[in-house]
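Colleague: Sequence plus the predicted model coming up.
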Amino acid sequence: AREFPGAGRTKQQAKRDAAELALHTLFHEELLPGPYITRMKKVVGEPELPVPGHRAQSAPPAQVALDDVMGQKREHAAAFGNQMDVAPVAKKHKPVLPTHSSPLYVLNQKHKGDLSFDLLDTSGPNHARIFRFRLKVGDAEFIGEGPSKQLSKANAARKALKELDDTELSEEPVIEPESMPTHPQTANAGRQYAAFPPTVNCRDPPHSHNDLLANRFQTCCLQKFKELRESLPDGQRQFKVLAGIVQLRGGSVATDASATVVSLATGTKCVHGDNLQLDGTAVNDCHAEVLARRAFCMYVHDQIRKTASGYDSVFERIVVNGRDMFALNPVVSFHLFISSAPCGDARVFVASAAEATSGAGAPSPATGPGLTQAPRAAHGKLRHKLEAGEGTVLSEGAPPIQTLDGLASGERLRTMSCSDKVIRWNSLGIQGALLSRILFSPVYFETLTVADIYEYDHLYRAVFGRLAGMSLPKPFCFQRPFIAQSEAIPSEFLAGKASNFAMSWFAAGGAPEVINCATGKRMDDLPSQLCKRNLAAAFVKTSGMMGLNATNQLPSITYSQMKSQSMRYQECKNAFLTQLSAKGFGSWSHKPIEQEQFKVFSP
């Protein structure tokens with residue numbers, strides 16, 4: 001073992017001095033704030049929320065960076081059964097420490113005391129500010145732009161380094177996957193872990209994204225829909241609402257990452273109460289966001305099976321406490337696009353004969369002509385959709401559990417709003433209860449892009465802001481997605497009125513299918529591939545490849561029992577719903593319990 005002395009006026013400074021010497025000697029790195037600090041910054045104008053796993057930034061940034069880097073290595077080493085080396089040693093793979101340097105730091109090292117910044121102007125709406133800084137290096141001037149002051153200064157410094165010192169720095173670190181098998185003979189046998197690691201994704205999103213990225217997501221989804229609609233009936237070749245999940249893999253998230261649409265859906269309606277099925281063959285909620293999320297789950301099953309068979313996938317096989325599980329590759333992220341704000345709290349606007357105005361009678365940029373805000377007392381409340389109707393109503397006063405005899409007596413079926421479902425995904429993950437049994441950690445959206453009926457404050461509150469002051473058991477957390485607005489949807493895609501049918505598609509799922517929203521089944525009256533029964537069958541098939549006990553319990557186990565076996569997920573869900581109710585947002589509405597009592601059979 002090597003030793004590195006350190007000196008300073010305090011113990012902390014002496015430790016820092018020794019750590020700097022070790023970094024420089026072993027890794028040829030200087031101590032920098034790096035991405036560990038950048039990821040902890042918050043968007044200007046957004047309320048600060050306590051996030052599990054975050055370290056309070058009372059120490060200087062450089063010291064926090066050092067503590068985070070070394071602390072994370074020790075925590076992961078303990079969690080992974082000391083499979084990782086805490087002490088830095090020479091290895092062929094890249095070290096855990098950041099391999100890139102801050103352009104501001106490098107420039108200051110090369111031109112000490114000869115730098116100055118001036119803020120030129122600020123442009124853009126409140127949710128997407130663009131800052132322009134002028135950097136002076138001696139007599140030379142460089143202009144930098146960015147969505148934050150820090151990034152705009154860094155961009156100016158990057159230009160100066162390239163011009164003055166012929167030095168180029170990458171914008172973001174690129175993380176290499178440890179193994180990516182492409183053939184059964186080269187498949188990874190699985191990394192061994194002794195226990196679950198510290199909570200992941202308990203952080204703010206990276207804020208280097210901008211509206212260009214939002215437009216990129218929209219373009220990907222529209223191109224995929226344009227490709228798919230050739231096989232759709234004439235009445236389904238336009239949409240009222242389109243939702244898609246985009247997968248980014250490798251490279252810089254904002255520029256050269258490979259973008260792929262993995263699920264896509266349209267739809268704005270729900271099943272009728274008299275068509276509710278007790279055998280799991282009907283899809284209850286045919287709103288685009290919900291169908292896209294269900295289709296995504298089917299895509300995840302396909303990817304896990306590929307990994308289990310030794311082929312290339314976005315998941316890696318690992319072993320936890322002697323059991324096979326799967327972890328998302330660190331270079332892969334998922335992003336939600338919706339053509340308009342999700343129904344419910346994010347869309348607290350109602351039609352008005354008079355224009356909403358601000359100032360001296362000018363149309364409000366937040367709401368636009370013909371729109372006005374809902375009463376402030378309704379902000380944040382849980383809302384539900386009613387069958388055979390559009391829009392949402394407050395859940396207050398409604399019984400939390402609906403009954404079959406109540407529906408038979410004429411009660412309208414209630415379904416939770418899409419805003420409430422999105423905030424649930426940002427807490428429990430988008431994988432659902434069944435996939436939580438075989439995934440190492442929850443899967444969250446990194447970004448949320450909306451094109452129309454967009455108002456940042458309401459959207460932020462609806463999908464994340466309501467979580468302030470709440471907490472969840474590990475490995476779950478509250479994920480704050482980066483929120484952005486894309487360009488307006490071209491009129492060629494937009495339908496004049498909402499259709500009674502919905503469309504769903506996912507990668508590796510074949511041709512898109514059209515669902516009758518009133519019945520929750522396909523146009524030929526067969527079950528959709530996204531119904532509960534088929535989702536359960538997909539889990540049975542996937543878990544059978546892994547040797548889980550789910551297949552041994554068939555056909556005696558019910559769908560509800562199968563979901564309840566995901567102990568961590570159910571614990572987290574109960575904590576989430578309890579805290580929502582305790583904070584006065586209302587109670588989650590549940591459909592009759594009988595609809596999940598059907599027996600699960602092998603596919």
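Modeller: Structure received.
Colleague: Just give me the neighbour total for the closest residue to Gly380 other than its chain neighbours.
Modeller: Closest residue in space to Gly380, ignoring its immediate chain neighbours: Arg466 at 5.0 Å, by CB to CB, 6 or more residues apart in numbering. C-betas here are computed from N, CA, C, even on glycine. Neighbour count of Arg466, defined by other CB atoms under 10 Å: 22.
Colleague: Tell me who's in contact with Arg466.
Modeller: Each residue near Arg466 by CB atoms under 8 Å, 6 or more residues apart in numbering is listed here: 345, 380, 423, 580, 583, 585.
Colleague: now the helices: where do they sit in this protein?
Modeller: For the chain, the helices defined by DSSP state H occupy 11-27, 34-38, 61-79, 103-110, 149-165, 211-228, 288-308, 404-408, 418-428, 432-435, 456-463, 532-546, 559-564, 567-582.
Colleague: still on that earlier bit, with Glu396 as the reference, measure out to the residue nearest to Gly380.
Modeller: From Arg466 across to Glu396, the span is 15 Å (CB to CB, to the nearest Å).
Colleague: before we move on, what about Val262?
Modeller: From Val262 to Glu396 the distance is 37 Å (CB to CB).
Colleague: quick one: which of these two has more around it?
Modeller: Taking other CB under 10 Å, Val262 and Glu396 do not tie; Val262 has more neighbours (24 against 13).
Colleague: Report the contact partners of that one.
Modeller: Going by CB under 8 Å, 6+ apart, Val262 touches 245-247, 296, 299, 334, 506-507.
Colleague: Return the residues in contact with the spatially closest residue to Leu21 that is not a sequence neighbour.
Modeller: Counting by CB to CB, 6+ apart, Phe4 is the residue found nearest to Leu21 once chain neighbours are left out, at 4.5 Å. Taking CB under 8 Å, 6+ apart, we find Phe4 in contact with 18-19, 21-22, 25.
Colleague: Show me which of those residues are buried.
Modeller: Restricting the contacts of Phe4 to buried positions leaves 18-19, 22, with burial counted as 16 or more other CB atoms under 10 Å.
Colleague: Save these as a markdown table, and put in distance to Ala156 too.
Modeller: A markdown table is the format used below for the buried ones among the contacts of Phe4 (distance: CB to CB, whole Å):
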| residue | distance to Ala156 |
| --- | --- |
| Ala18 | 34 |
| Ala19 | 30 |
| Ala22 | 32 |
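Colleague: shaky segments in the stretch 301-450 of the chain?
Modeller: In the predicted model of the stretch 301-450 of the chain, residues 349-375 satisfy pLDDT under 70.
Colleague: so where do the strands sit in it?
Modeller: Assigned by DSSP state E, counting those that start in this stretch, the strands in the stretch 301-450 of the chain fall at 315-320, 323-328, 332-340, 349-351, 357-358, 362-363, 371-373, 383-386, 392-394, 414-416, 445-452.
Colleague: And Gln223, how far from Leu242?
Modeller: As judged by CB to CB, Gln223 and Leu242 stand 12 Å apart.
Colleague: do the same with Leu21
Modeller: 56 Å.
Colleague: do the same with Gln236
Modeller: 12 Å.
Colleague: Can you check which residues contact both of the two?
Modeller: Joint contacts of Gln236 and Leu242 (CB under 8 Å, 6+ apart) are Thr266.
Colleague: So the two - more neighbours on which side?
Modeller: Of the pair Gln236 and Leu242, Leu242 is the one with more neighbours under other CB under 10 Å, namely 27 against 19.
Colleague: Pull out the CA atoms of stretch 538-545 and give them to me as CSV.
Modeller: Output of stretch 538-545 as CSV, limited to C-alpha atoms (Å, rounded to 0.1, in the frame of the first residue of the first chain):
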residue,chain,number,x,y,z
ALA,A,538,-44.9,-11.9,-20.0
PHE,A,539,-43.6,-11.9,-16.4
VAL,A,540,-44.1,-15.7,-16.1
LYS,A,541,-42.2,-16.2,-19.3
THR,A,542,-39.3,-14.0,-18.2
SER,A,543,-39.1,-15.3,-14.7
GLY,A,544,-39.2,-18.9,-16.0
MET,A,545,-35.9,-18.2,-17.8
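Colleague: Show me which positions of it end up buried.
Modeller: Under the neighbour-count criterion of 16+ other CB under 10 Å, stretch 538-545 has 538-540, 542-544 buried.
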